[in-house]
Structure formats: C-alpha cells, structure tokens
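my questions concern the predicted model and sequence given below.
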Amino acid sequence: MEFLPPPEALGLPQKYSAWRENQAEAIYRALENDRRVTISICPTGFGKSLMYVAAARLFGGKTIILTSTKGLQSQLMRDFESVGMVDVRGKNAYKCPASNNQLTCDEAECSVGIPCIMQRTANCPYYAAIIRAQKADLVVTNYSFWFFSSAYGESIGMPQLLVCDEGHDAPEAVAGFLTVELNRSDPALLPILPQDPDKYTIVQWAKWAGHYFTQTTRDIEELMIEIRRTPERQLFRKLGKLKRLAAKLHDLAGMDATNWVCDVQSTTISFAPIRVSDQCQSILFKGAKHVILTSASICAKTGEMLGLEPDDYLVNEYPHTFPLETRLVVHVQGARMNAKTSQAELRDWLKTIDRIIEGRLDRKGIIHTTAYHRRNFVRDHSQYAHLMMSHETKDVVQMVNRFKTANPPKIFVSPAVTTGWDFPYEECEYQIIGKVPYPDSRNKITKARMDADEDYAPYVAMQQLVQTCGRGNRAEDDQCENFIIDDNITWFAKYNRKFAPKWFLESLTSRIFPPPAPPKLERR
C-alpha cells in the first residue's frame, strides 16, 4: 500500500492529526476498487466519517454523503464544516421569511404552487441551502431528502462519489420512500375510501387510485382559482393537503401487483413494495460514478437487497480495535422468547434481568425489550422498577436526554433505542437485550417480504442486534457489557453467521449465570 500523507496534508480539520488503525487501508481500497461500489464494514471507533471524507478529497469532484438521521447530519457538519462541507435538508427544516417565520417552507405558499418573491433566491433559507449544495464539492444530506429532491424537488447535482453512511439502513430507506400510507380519518379520504378495504386487491387499489387521482386533480384546479380570488391561509393549507393526497394517489395508481402489498389497520392503510432491488439504481445510486456503502453491520446481503450484482461491489471488512473484554456480548440462559413463551418462562426471564441489575447498582444500564408490551411487563414486575425510566413514541428524544444526564443506578427500558443513539462512558455501562429482534410477521408487509426472501427476517434481526450492541461502547477507553437473555440466540447466531461481522461473532460468548460486573475503566 502506498504512503498516505497525514489528514491535515489533505486539507482535513487539524484535530485529525493522524490516521487511526486501518483507516488508510480503507481509503486506498475504495480508491483502487475497479468496481463501482465499495462496501466497508467498519466497527465502532473506526472513524468512518474521516475515512470517507478523505476518500472524497482524493477522488476529487463532487461528493454527496447520505445519513440515516438528521442527528448524524449535524454531527458531520460540526466535524467538517471548516473544510467546506455544506448541509441541506427538507423544506420542513427551514422557516419561511415571507410568513414572518410563522410557517415552515413546506407549509408556505410556494410549496403549493403560489408564486413567492423569495422563491428560488438566496432570500429563502431553503433555496439558499439548495444553491449552496449545488455549488459545493462536499455535501451532507439525509436519505429522505436525496430521494425527494430528484423525484419532486430540486437537484443538488450528480456526485462523483456517493457515500451511504449507515448503509445497512439503505434498503429500508428506499422502501420507506416508496411506501404510501393513507390515514383513514383524513377528511379528504373519508368520502372516497371503499367500504371494505380489506377485500381490495392491489389491482383494484391501483384502479381506485387512478380514478380518484383524476378527480383530486380537478379539485386542485378549482381550489387554485378560488385562492387567486381569496388568498386565505386556510385555503393554502387545504391546497397543500390535496396536493399531498394527489401525489399519493398518483403513486398508488402505478403499483405493480407482483411486487406490492397492502396492510389495512384500524387507523391506516399502508402500501409498500416487497422488494426494492429494481428501484435502487434510479432512486438511490442514480448516476454516481463511485459509491461507498459503510456501517458497522453492513454485509453482502445489503448489496443484494439494493439490486447489486456480485460483480458490482467489493466487500472490505476491518477488525475491531477496542479490547475484546470491554465489548463482550454474553448470552445468559433465560428463556426462549417468542409468541408461545409462557407466563412462568417470562417470570424466569425477568429474574435473570433482575440478577444482572442487582450486581450493577453503581452504574446505569439499558434494557432493550423490542416491544412495548414486553417493556410494560418489565416495569410492572421488576423488583427494580423504581429505578426505571422509559418513554412513549412522541417523547423518546426528551426521555433519552433525561436518562443520559441522570445519576446511577437509573435503568432505561425501551423497545426503540437500538440504532442511531450513542450512550458513551457513564451514560450506559451495561445493556440487556431481552429478545432476538426478529421482525413481527403479523404485519402483512413484513410477512410478504419474509415469504419472498427467506433471508429477509434473519438479515433484519442480525442488523438490529449488532447495532444495538454497539450503542454503549463508543471509544477505546470505554466499556459496556451486553447481555442477551433470549435462548434463541444460540441457533440464531449459528445459522445466520453470514449476516454478522466477524468482530461481533468473536465477542459472543455464553454463561449459565450473569458474570460479576467488571471494575470501572480508568479513562485516558
């Protein structure tokens, strides 16, 4: 491998004084790959962001970096804004100055087709961000904006290099973009929804959507005439709702009956693709000459789900540099957790949880339950319930932040903080994973994907399991014990090794009883 000058010599921020172990190798492998796509499996602490920003410098031209969360987007801006990185987000992230900042740009007049004097100028914060992104060589955005910007909005340019951070999320991100959800209580939908939606086939839904798309288009034209006579705010809001409905109906009218499934619930009707492999070239990769897909848990299966052929990509996996003893994943015998688990088995399962907590009352921990009903069982019956915190769907960020600043021995019980969250050092020193996170097959969309691809469920479960185990160990001088108390892990890990990185498999061990808590590390 050729010599790579230090980060500062490549114009990177001064705080990066040297390459971490394996970073230079990962950069060279991406540069020298004669295939279009590089899949880089980089464990926690690898420094993925420095790796791909350095690769962007060496590739030259325009680089667009996609993140799975806006939090990661903000973090990248903090790290690399000084070297020219710019940030762009969806219209709902910007306030409209024409409304005295009372509305976001996705609620403003221009979003529903009414001309605005600030539209498409630097005076509009959204279009100012678009203009900056079009001109910049280094852009960070999120998957959602990247998809919508080309399909419905303004292009920010075609990159020489496209980086998909947290790339294991990319198939689900594409599927989420294509998914259409109808709110059954929406006043605009109530008059036109069929009386027995459960009985409709995809072909019937497509015909229904095509018919009402034509009708909704006429309603929009009539409302536009009314708005020109009386430009009132409530009319703008009504117009925005009708345009969003029309877009959904347009998408539904084009559904392919062989690759779409409908899930009718009491409050929503969801339509989703079973596979996204045929759509990824146009929606995700577009015309990018080079692509880097990277995360701690990504694997070759990810490439397959994204429609890549084996000759399209090269997989490079890098070893974990954190000490093994600080990141162990310990299976403690508890119970087989599934729909048939008895109440007696659940009580034994909870006893194991309490035994783990009992020896760790000098530190904070997280219990991952994978479902709210299991969360409730833990909170209702644990002898340490008085130490526990949790959240509902709407206040997860608020409660996570409260937990992060709480004093030991607080315990956070959640089914929803498995990916995209960091709990370094004293914020979390042990995690209890109550169940192997298999997807819920009661959902018709998930069931259809499982039926179409026997690897779908184990792939999704392994990705979430690996990501969960990485939430609490974020640095070389950090440590976080991980306990799995679902006995299904034994066969699951054995038969699904191909979906797990080597560093995860090497950290997996088994015990009959919980080991004693390790002494706290002295931080360097």
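Yep, it's here. Numbers count the residues shown, from 1 in each chain.

hey, where'd the helices end up in the stretch 101-250 of the chain?
For the stretch 101-250 of the chain, the helices defined by DSSP state H, counting those that start in this stretch cover 125-135, 143-151, 170-178, 202-229, 233-253.

quick one: closest of those helices to residue 289.
When the helices of the stretch 101-250 of the chain are compared by Cβ to Cβ, helix 143-151 sits nearest residue 289, at 16.3 Å. (Each C-beta comes from the backbone N, C-alpha and C, glycine too.)

excluding covalently adjacent residues, which one is nearest to residue 297?
Of all residues not flanking residue 297 in the chain, residue 466 sits nearest, at 3.9 Å (Cβ to Cβ, 6 or more residues apart in numbering).

what sits up against stretch 243-261?
With Cβ atoms under 8 Å, 6 or more residues apart in numbering as the contact definition, stretch 243-261 has outside contacts at 112-113, 152, 178, 180, 182, 186, 188-189, 201-203, 205-210, 212-213, 216-217, 220, 271-275, 278, 444-445, 448.

of the helices of the stretch 101-250 of the chain, which approaches residue 364 most closely?
Nearest of these to residue 364, taken as Cβ to Cβ: helix 170-178 at 29.6 Å.

the closest one packs against which elements?
Applying 3 or more Cβ pairs under 8 Å, 6 or more residues apart in numbering; DSSP states H and E, one finds that helix 170-178 contacts helix 143-151, strand 268-273, helix 280, helix 300-305.

please, which helix or strand holds residue 39?
Assigned by DSSP states H and E, residue 39 belongs to strand 37-41.

just how off-centre is that strand within its chain?
Strand 37-41 sits 18 Å away from the centroid of its parent chain (Cα atoms, centre = their mean, to the nearest Å).

send the alpha carbons of it over as PDB?
C-alpha atoms of strand 37-41 as PDB (Å, rounded to 0.1, in the frame of the first residue of the first chain):
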ATOM      1  CA  VAL A  37     -19.400   0.100  -5.200                       C
ATOM      2  CA  THR A  38     -17.200  -0.400  -2.100                       C
ATOM      3  CA  ILE A  39     -18.900  -2.000   0.900                       C
ATOM      4  CA  SER A  40     -16.800  -1.100   4.000                       C
ATOM      5  CA  ILE A  41     -17.600  -2.900   7.300                       C
END
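
so what touches that strand?
With contacts defined as Cβ under 8 Å, 6+ apart, strand 37-41 is touched by 26, 29-30, 48, 51, 167, 290-300, 302-303, 308, 312-318, 501.

possible to save the helices and strands packed on helix 170-178 as TSV with distance to residue 69 and mean pLDDT?
Formatted as TSV, the helices and strands packed on helix 170-178 follow (distance: least, Cβ to Cβ, whole Å; pLDDT from 0 to 100):
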stretch	distance to residue 69	mean pLDDT
helix 143-151	9	87
strand 268-273	21	97
helix 280	20	96
helix 300-305	18	98
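
out of the ones you listed, which is closest to residue 377?
strand 268-273 (26.4 Å).

which is the next helix or strand following that closest one?
As assigned by DSSP H and E, the chain's next helix or strand after strand 268-273 is helix 280.

contacts for that next one?
By Cβ under 8 Å, 6+ apart, the list of residues contacting helix 280 reads 170, 171, 174, 306, 307, 308.

now the helices for the stretch 401-524 of the chain?
For the stretch 401-524 of the chain, applying DSSP H, counting those that start in this stretch gives helices covering 444-452, 456-469, 489-495, 502-507.

could you say what helices and strands the third one packs with?
When contacts are defined as 3+ Cβ pairs under 8 Å, 6+ apart, helix 489-495 packs onto helix 456-469, strand 508-511.

ranking these by burial, who's on top?
helix 456-469 (a mean of 23; mean count of other Cβ atoms under 10 Å).

who's in contact with it?
168, 296-297, 299, 301, 305, 327, 329, 368, 418-419, 431, 433, 436-439, 441, 446, 449-450, 482, 484, 492, 495-496, 499-501, 504, 507.
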